[in-house]
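S.K.: pasting the sequence and the predicted model now:
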Amino acid sequence: MDDAVIKGAGYILAHVPNLTYEFGTTQVLERLKSPESPYLAKMKEHLRTYEQALAYPPFQVYIGNLHPDDLAAIPRPWYEGEKVRAERAGRYGEIVPEDEFYAWMLLVDTFDLVWLDEDFLNELKPRLEKHPLITPPDLKKMLNGKKASDIRTRVEAGSAAPLYLGERLVGCVRQAHEVDDTLKAHVMAENMATKASAVLALRHLLAQTGTDPKAIDYIIEASEEACGDMNQRGGGNFAKAIGEWCGCVNATGSDTRGFCAGPAHALIHAAALVKAGFFKNVVVVGGGAVAKLGMNGKDHVAKGLPVLEDVLGGFAILVSENDGVNPVIRGDSFGRHNIGSGSSPQAVMQALVAEPLERLGLKLGDVDKYSVEMQIPEITEPAGAGDVPTANFKMIAALAVMKKEIERADIPAFVAEHGMPGFAPTQGHIPSGVPFIGHARDLILEGKITRAMIIGKGSLFLGRMTNLFDGISFLVEKNPGRKEAVGADEAALKKLIASALRQVAAELTGGEG
């Protein structure tokens, strides 16, 4: 059967410095342990403006205005000055300001949990009216504001989590239950932000590809959040909740979780469902993780840097039946980190990269581009984690040396040719392989590359259920053409031959066949 294809990809960022300060886990824990924390006192001075975030080169790569390799030619630090053209809209999506993102959170709220100041919304109205993805019904719901006094009362009573713009309280997210911790205000704010960022990414995907939302059969949500109540804390279903606000009325769906590797697992599930003929159009979508905002903020502030983890990421990828044109997710290319694979870096790369390529008779150099953990190095280096993508690419190059495909001296050249600088925010599932899929699809369609390997890796030990590591990989390749067309010709030929044989037999037997 034909392999499934990648028909499009949407990517969005929401610049949310105030959510970073209020809800990022590093800041929440610091507030609990040390309410007079010097870090928290300094942090607000290190928050970026929306204009500064727009001018950040990695973000322009993420939404498709620059190619990842372009970053290598831009002098670092990337956060200083305006080194690229600051654009809100890109080939794959957009970078949304925080005030408008609050309106998106209000839009996707089904239970009257998100309250926004009516005066604040009236100020936003002219901008919301101009947004190409906001419909008149959306606008009506987005402008459904509350009195400032009612919002403040609930925040002060502790039954709602505040939504600030600087020092101005512009809204809140109310608790959904009085005693259920899984439905408390903080958790509902996290989940609403995940849902809103995913809805925005999916709407961009549908608009870019010209796909009728009614044509989507199945949705797989693959973020790192989980929704439920005290009886089923991660029961879901984000997928259908997201599809509801994108007009996907004919779709069903479910959530797939695998820490950072979740999206890669979800894409393999999507490809399998399409290839098997269960569904024609499957969307894999993921919203941002509020908890991971400002994870390395302490190190950034201590070193005099801006707080660089100030955006929520979102993505949506359309996996469809083979059309003979779009790049395929090669069904025989899957690499996997099995339970018995071992957790050393070399063992992980052997399982995810070397083994599937050996099985296919390919060399490591036959993959034009690898996409691994694509975190922005300026975020991770101050915290001592180094340049994560480059470290991964060096391990792949080292495998090539071991297999005598290249010399040790060729490692830097291999990394430059087959890798790329990191350009995705550090939100676990967001940088793990999937940010490059949009770029890979375009490069393959343009004939600039033939194949890319997408590698998702996950730290299962974080759940305290196992010490195991996780990972899964697959190849995205140039479409070789539909096999079914050949099969149909063969079937027609066989039918014609059978008919001719019957006719000959009838003539030889005097008409008795």
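M.R.: The structure has been received and is ready for your questions.

S.K.: residue closest to the middle of the protein?
M.R.: F315 (3.8 Å; Cα atoms, centre = their mean).

S.K.: sticking with that residue, tell me its helix or strand.
M.R.: Per DSSP states H and E, F315 falls inside strand 311-320.

S.K.: which other helices and strands contact that strand?
M.R.: strand 5-15, helix 185-209, helix 262-275, strand 281-286 (3 or more Cβ pairs under 8 Å, 6 or more residues apart in numbering; DSSP states H and E). No exception for glycine: its C-beta is placed from N, CA and C like everyone else's.

S.K.: run a quick neighbour tally on L40.
M.R.: 17 (other Cβ atoms under 10 Å).

S.K.: state the distance from it to V284.
M.R.: 37 Å (Cβ to Cβ, to the nearest Å).

S.K.: likewise Q350?
M.R.: 27 Å.

S.K.: that older thread, for A383, which of the helices and strands packed on strand 311-320 is the nearest?
M.R.: With Cβ to Cβ as the criterion, A383 lies closest to strand 5-15 of the helices and strands packed on strand 311-320, at 20.7 Å.

S.K.: whatever helix or strand comes next after that closest one - what's its average pLDDT?
M.R.: Using DSSP H and E, the helix or strand that follows strand 5-15 in sequence is helix 17-23. On average, the pLDDT along helix 17-23 is 98.

S.K.: for helix 17-23, packing partners?
M.R.: Counting by 3+ Cβ pairs under 8 Å, 6+ apart, helix 17-23 packs on helix 98-107, strand 160-165, helix 185-209.

S.K.: mean neighbour count, mean pLDDT and distance to G288 for these - can I get that in a markdown table?
M.R.: Listed next are the helices and strands packed on helix 17-23 as a markdown table, based on neighbours: other Cβ atoms under 10 Å; pLDDT from 0 to 100; distance: least, Cβ to Cβ, whole Å:
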| stretch | mean neighbour count | mean pLDDT | distance to G288 |
| --- | --- | --- | --- |
| helix 98-107 | 24 | 98 | 10 |
| strand 160-165 | 22 | 98 | 15 |
| helix 185-209 | 25 | 98 | 4 |
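
S.K.: V325: neighbour count?
M.R.: 12.

S.K.: doesn't it lie inside a helix?
M.R.: No - counting by DSSP: H, G, I helix; E, B strand; the rest coil, V325 is located in no helix; its state is coil.

S.K.: pLDDT averaged over stretch 73-89 - what is it?
M.R.: Computed over stretch 73-89, the average pLDDT equals 96.

S.K.: tell me the buried residues in it?
M.R.: By 16 or more other Cβ atoms under 10 Å, the buried positions in stretch 73-89 come out as 78-79, 83-84, 86.

S.K.: likewise for stretch 390-410?
M.R.: Buried, per 16+ other Cβ under 10 Å, within stretch 390-410: 390-401, 406.

S.K.: can you tell me which two in those residues are farthest apart?
M.R.: Going by Cβ to Cβ, the pair spanning the buried residues of stretch 390-410 furthest: A391 and I406, at 17.7 Å.

S.K.: relative to H418, how far out is the closest residue to K403 other than its chain neighbours?
M.R.: Nearest residue to K403 in three dimensions, chain neighbours excluded: L364, at 6.9 Å (Cβ to Cβ, 6 or more residues apart in numbering). Using Cβ to Cβ, L364 is found at 8 Å from H418.

S.K.: any shared contact partners between those two?
M.R.: 396-397 (Cβ atoms under 8 Å, 6 or more residues apart in numbering).

S.K.: which residues in this protein form strands?
M.R.: 5-15, 93-96, 114-116, 160-165, 168-174, 218-221, 252-255, 281-286, 311-320, 328-329, 335-336, 369-371, 451-458, 470-477 (DSSP state E).

S.K.: against K457, how distant is the residue nearest to the centre of the chain?
M.R.: 17 Å.

S.K.: next: A291.
M.R.: 19 Å.

S.K.: and those two? Which one has more around it.
M.R.: Between A291 and K457, counted using other Cβ under 10 Å, the more crowded position is K457 (23 against 20).

S.K.: who's that one bridged to?
M.R.: Per DSSP bridges, the residues bridged to K457 are G471.

S.K.: what about the protein, any weak spots by pLDDT?
M.R.: Counting by pLDDT under 70, the ranges of the chain that qualify are 484-496, 498-501, 503-513.

S.K.: change it to 50
M.R.: 485-488, 512-513 (pLDDT under 50).

S.K.: quick check: nearest residue in space to A189, chain neighbours excluded?
M.R.: Closest to A189 by Cβ to Cβ, 6+ apart is V173, at 4.0 Å.

S.K.: thought the one you found was touching F111?
M.R.: No - the criterion here is Cβ atoms under 8 Å, and V173 misses it with F111 at 10.7 Å.

S.K.: so between these two, which is more surrounded?
M.R.: V173 (30 against 10).

S.K.: ok, that one - contacts?
M.R.: Here V173 is in contact with 105, 113-115, 160-161, 163, 185, 188-189, 192 (Cβ under 8 Å, 6+ apart).

S.K.: turn those residues into TSV, columns for distance to D229.
M.R.: Converted to TSV, the contacts of V173 look like this (distance: Cβ to Cβ, whole Å):
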residue	distance to D229
M105	20
L113	14
V114	18
W115	21
A160	18
A161	18
L163	23
A185	14
M188	11
A189	16
M192	15
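
S.K.: quick check, T252 in contact with K240.
M.R.: Yes - with contact defined as Cβ under 8 Å, T252 reaches K240; the gap is 6.7 Å.

S.K.: and the nearest residue to R168 once chain neighbours are set aside, how many neighbours does it have?
M.R.: Nearest in space to R168, with sequence neighbours left out and distances taken as Cβ to Cβ, 6+ apart, is F120 at 8.0 Å. With neighbours defined by other Cβ under 10 Å, the count for F120 comes to 21.

S.K.: still on that earlier bit, against G419, how distant is the residue nearest to K403?
M.R.: In terms of Cβ to Cβ, L364 sits 12 Å off from G419.

S.K.: find residues that contact each of those two.
M.R.: With Cβ under 8 Å, 6+ apart as the test, L364 and G419 both reach I396.
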